[in-house]
Each structure stands twice: as structure tokens, then as C-alpha cells.
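S.K.: Build me a structure from this.
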Amino acid sequence: RLEQVEDTEAYLAVQGITLEDVAESGAFKRLEYLLSVQVTESKIEPYFVQNKLDFDTAEVCWIFVRDEGVAEELFLQIAEEGADFYRLARQYSEDETTRPSSGFLGRLRRKQLPKGIASRVFASEVGTVIGPENVSGGYALYMLQQYYPAEWHANVQKEIRKRLFGQWLQREMRQAEITY
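M.R.: Reported below is the predicted structural model:
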């Protein structure tokens, strides 16, 4: 823990960093931020409007199994018999990471799901089960647990600014004549 000045200075020394290096880095970051604001400010909101679907999120659960027949049987149990998706995920999913949490993948954006699956999940009603879908290594059932439409807030603005500034920097570097 770096609660004392001496501890901080010792840590920096071990890392080969001076306080001047830290100050210089901070000054550079501030200039970089100010430039990014200058370059992107008028483009952030139009970008959000044009790409709003990219910022939608959804809580998604899944059941992953290697055998297609098992996936089909699980789907039929849910669709025809009203079996509990969460219980089946805990009992049958072969994804060791999500099985204990009833198949919960997290709050995801469209680009975090396979393309064909993402559009179907985000277009479905909450509680709808989709599948079985052929995925890497097996088959999956997906369930939309909750849908969150994109919202205009500081974190989204920051993300868009960073994305647009990165694109601007790439264009500038391609156009620059750099010689060594």
C-alpha cells in the first residue's frame, strides 16, 4: 500500500520511475485529452445516433453442451414442458465458468455475441429461449434475461471520444511522413 510518501518513492524507484516521469506523463495525458476533445467534440453525438444499436446491452444466459441431441432435448423441455432454464443451466451446462451462476454470461453488447445469434437475442422478448445454436465446440441455448436500450451518458461519450480519437490518430499517422 502506498499511503506514505516514502513508500511511493520507494515503489517508483523499484520500477525505475521518477516523480518527474509521473508529472510528465500526467501532463502528456492531459494534452492528449484536450486534443481529443478538440478533434472529436462535434462528432460524438452524431456517432452515437448513427450507431445507437452498438450501445444497447442485454443480460444473457446460456446453456452450453457438446451434443446437439442434448441441446435439442433441453430446448424442448423448456419450450414444451416449461422447464426452468436456470435449473437446467446449473444441471446440464458444460461451461464450467457460467454453470454455477445459472448460465449467466453477463451484461453484453451485440458485438460480444456471435452475429447471427446477437440479432436474434436482442430482437427477442425477455425470457425467450433461442437455439439450439451451433457454436464453437458444441451447441447453445440463449436466453434474454433483461434488455437495456442505449443511453446517452458520460461513459458512452468517453468511449466514443476514445474510439473517434483513435481513428483520427490512425488517419494522421498514415498521412504523416515519418523518417528515422
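
S.K.: low pLDDT regions in the protein?
M.R.: For the chain, no stretch has pLDDT under 70.

S.K.: Relative to the centre of it, pull out the residue lying furthest away.
M.R.: Distance from the centre of the chain peaks at E6, with 38.6 Å (CA atoms, centre = their mean).

S.K.: Need the phi and psi values for it.
M.R.: Main-chain torsions, E6, degrees, to the nearest 10: phi -60, psi -40.

S.K.: quick one: it from A13, how far?
M.R.: To A13, E6 is 10 Å away according to CB to CB, to the nearest Å. All C-beta atoms are positioned from the backbone trio N, CA, C, and that covers glycine.

S.K.: Are there residues contacting both of the two? Which ones?
M.R.: Shared contacts of E6 and A13, defined by CB atoms under 8 Å, 6 or more residues apart in numbering, are absent.

S.K.: Could you grab the helix/strand/coil label for I63?
M.R.: strand (DSSP: H, G, I helix; E, B strand; the rest coil).

S.K.: buried set for the strand ranked longest in the chain?
M.R.: In the chain, assigned by DSSP state E, the strand with the most residues is strand 138-148. For strand 138-148, the neighbour count (16 or more other CB atoms under 10 Å) marks 138-145, 147 as buried.

S.K.: Adding distance to S102, write the residues you listed out as JSON lines.
M.R.: Formatted as JSON lines, the buried residues of strand 138-148 follow (distance: CB to CB, whole Å):
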{"residue": "G138", "distance to S102": "18"}
{"residue": "Y139", "distance to S102": "18"}
{"residue": "A140", "distance to S102": "14"}
{"residue": "L141", "distance to S102": "12"}
{"residue": "Y142", "distance to S102": "13"}
{"residue": "M143", "distance to S102": "10"}
{"residue": "L144", "distance to S102": "14"}
{"residue": "Q145", "distance to S102": "9"}
{"residue": "Y147", "distance to S102": "18"}
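
S.K.: Just the closest of those to A23, please.
M.R.: Taking CB to CB as the measure, A23 sits nearest to Y147 out of these, at 45.6 Å.

S.K.: Can you tell me how far that closest one is from D56?
M.R.: Per CB to CB, Y147 is found 7 Å from D56.

S.K.: Show me the common contact partners of the two, please.
M.R.: F122.

S.K.: May I ask you to name the longest helix in this protein?
M.R.: In the chain, ranked by residue count with DSSP state H as the criterion, the top helix is helix 19-50.
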